[in-house]
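Asker: The amino acid sequence is not available; the structure is as follows:
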Ligand SMILES: Nc1ncnc2c1ncn2[C@@H]1O[C@H](COP(=O)(O)OP(=O)(O)OP(=O)(O)O)[C@@H](O)[C@H]1O
């Protein structure tokens, strides 16, 4: 397609000058034919006008070819738009898949990502189009130049000098426009966020009940007003300078025009040459201003692309680990003096040490924000400890092959994802190897106690979930949690199972049943459970009480009750509530 574009560009660039040159031949041909016709004693109209008619036909052919080249250009541009937009979007998303969680949480990078995505389908193509547009105009200008130089090199120089100021101002303002785009991207992101909150089904319930529409819309409008003021200032400056400096170019153009007219009247140019030069001036002027717009636009596109490349070149964490088996198979999981701080933050975990063998279950108990989920994030290698190390089967987690590690862990976080996909696929995501395997879905759903309500749904495992797509069905909070739980059971080979608040939305009977199943399922595995409900925690082999990132108590339920510490107090408090 690039070659096709290049060919059409060449044709569309050269032919206008040829057409102008043929135009000159026609006018001069007509003038001389008129003279011959007048002077001949026995004029034969056909022989005198035939050469001129041939030229006219030739010019018609050229114009038809130009039209063909233009169509060819726009057809290829349209196809390229689709291909390139798709390609760039895929590149952006592929890169997003390689970024680490902490990079995602970096607002600067997130900004870059949003900026890149917003114009991914237009900017790269615009740059290609403008490059070819510029090339075409440059070829035209070059060929016009060849014709014009025969009149006077000065005329050429004057025309170019006249166009330069407007070009420089365009380049400057394009830079300003990009800086504005960059500066306002956090605000733009806030606007996008407000649009989402105000117009999406999962937030609209609360927005309505709290009456937030007015408040959020006001914030939305305020951001626009602030951004618009800047934009207006820039647009006005850009266009006024463009007008004033453009006038300079127009003046030089008309001066050259007058010059040609005077020379013709003086007899230095034929009528045909005058026609040609005027045409060349007119088209040259148009080509020149189109080139200038293209150049300044290209500058803007380029700045955009620099943002895209900055994003694409973000360093990704090298996957150094290769282990698929640990040094001490069967040793289980060990935390050795692990401390952790989120990037730029203070320590949220201090000196955590623990050991969990296959077949054991561990429960984490602690106040909100004490660091329980963070511990799971370290264990699943979404983050690395800032101090200490975590061992699986005697080998540091960092040395494990990512794939091998992921296959050994089945995790459900409290903020699990509610995919707007079919029920079965919502389970299938738990194990991509069995994404489409209905038998495995059914098995997992039985373990996660989701099979009953799925059986009652109109299309069973093929029922679309969520409200985004046609015939989508919404589930209750507890039903979603059962889906998430079943998803964890899809990982058949996982021997580390982590459930972070898995039953908070379930009714009491379901919860009891879920844990009976869970204990049975995880008999020879390592099970880690985070829960604020002591009824589910009490049966764990080891309970850790975490407070402000430190382990303050450890033991079994009975040991901890006997110790009469924090665990005992919290347990009594909860038990009181049920009496
Ligand atoms: N992505 C993050 N970046 C920075 N700080 C974070 C991040 N996630 C959590 N924190 C902080 O780390 C601390 C521990 O959070 P964590 O989510 O581990 O608590 P938790 O014990 O799981 O709480 P909960 O019982 O409410 O789920 C909190 O102070 C929280 O503010």
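Answerer: On my side now, so go ahead. Small disclaimer: the values here were computed from a predicted structure and weren't measured.
Asker: going forward, measure contacts and count neighbours with C-alpha atoms only.
Answerer: OK.
Asker: Residue numbers of this structure in contact with the ligand?
Answerer: Within the chain, the positions adjacent to the ligand are 342, 348, 367, 368, 369, 370, 371, 372, 373, 374 by C-alpha under 6 Å from any ligand atom.
Asker: Contacts only, for the closest residue to the fifth one other than its chain neighbours.
Answerer: Nearest residue to residue 369, sequence neighbours excluded (C-alpha to C-alpha, 6 or more residues apart in numbering): residue 548, at 7.4 Å. Counting by C-alpha atoms under 8 Å, 6 or more residues apart in numbering, residue 548 makes contact with 348, 349, 369, 370, 371.
Asker: redo that, cut-off 7 Å
Answerer: 348, 370, 371 (C-alpha atoms under 7 Å, 6 or more residues apart in numbering).
Asker: can I assume residue 545 sits in a helix?
Answerer: No: read with DSSP: H, G, I helix; E, B strand; the rest coil, residue 545 is strand and lies in no helix.
Asker: mind checking pLDDT for residue 159?
Answerer: We have a pLDDT of 76 for residue 159.
Asker: Can you classify it by secondary structure?
Answerer: Applying three-state DSSP: residue 159 is helix.
Asker: I figured it was touching residue 251, is that so?
Answerer: No: between residue 159 and residue 251 there is no contact, the gap being 9.4 Å when judged by C-alpha atoms under 7 Å.
Asker: Of these two, which one has the most company?
Answerer: residue 159 (23 against 13; other C-alpha atoms under 10 Å).
Asker: Okay, the more buried one and residue 125: tell me how far apart.
Answerer: In this view, residue 159 and residue 125 are 31 Å apart by C-alpha to C-alpha, to the nearest Å.
Asker: per-residue confidence for the residue of the stretch 51-200 of the chain found nearest the ligand?
Answerer: Closest to the ligand within the stretch 51-200 of the chain is residue 105: 6.5 Å, counting by C-alpha to the nearest ligand atom. On pLDDT, residue 105 comes in at 80.
Asker: got a list of what it touches?
Answerer: By C-alpha under 7 Å, 6+ apart, the contact list for residue 105 is empty.
Asker: any idea how far residue 343 is from it?
Answerer: According to C-alpha to C-alpha, residue 105 stands 9 Å off from residue 343.
Asker: can you give me phi and psi for the closest residue to residue 86 other than its chain neighbours?
Answerer: Distance criterion C-alpha to C-alpha, 6+ apart; nearest residue to residue 86, sequence neighbours excluded, is residue 121 at 6.9 Å. Main-chain dihedrals, residue 121, degrees, to the nearest 10: phi -90, psi -10.
Asker: what's across from residue 366 in the sheet?
Answerer: residue 546 (DSSP bridges).
Asker: who touches the residue nearest to residue 554 when sequence neighbours are not counted in this structure?
Answerer: Closest residue to residue 554 apart from its sequence neighbours, by C-alpha to C-alpha, 6+ apart: residue 544 at 4.6 Å. Shown in contact with residue 544 (C-alpha under 7 Å, 6+ apart): 363, 364, 365, 551, 553, 554, 555.
Asker: mind running it again at 6 Å?
Answerer: Shown in contact with residue 544 (C-alpha atoms under 6 Å, 6 or more residues apart in numbering): 364, 553, 554.
Asker: Make JSON lines from the residues you listed and add distance to residue 338 to it.
Answerer: As requested, those are exported to JSON lines (distance: C-alpha to C-alpha, whole Å):
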{"residue": "364", "distance to residue 338": "16"}
{"residue": "553", "distance to residue 338": "16"}
{"residue": "554", "distance to residue 338": "16"}
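Asker: Nearest residue to the middle of the protein?
Answerer: Closest to where the C-alpha atoms of the chain average out (C-alpha atoms, centre = their mean) is residue 117, at 2.9 Å.
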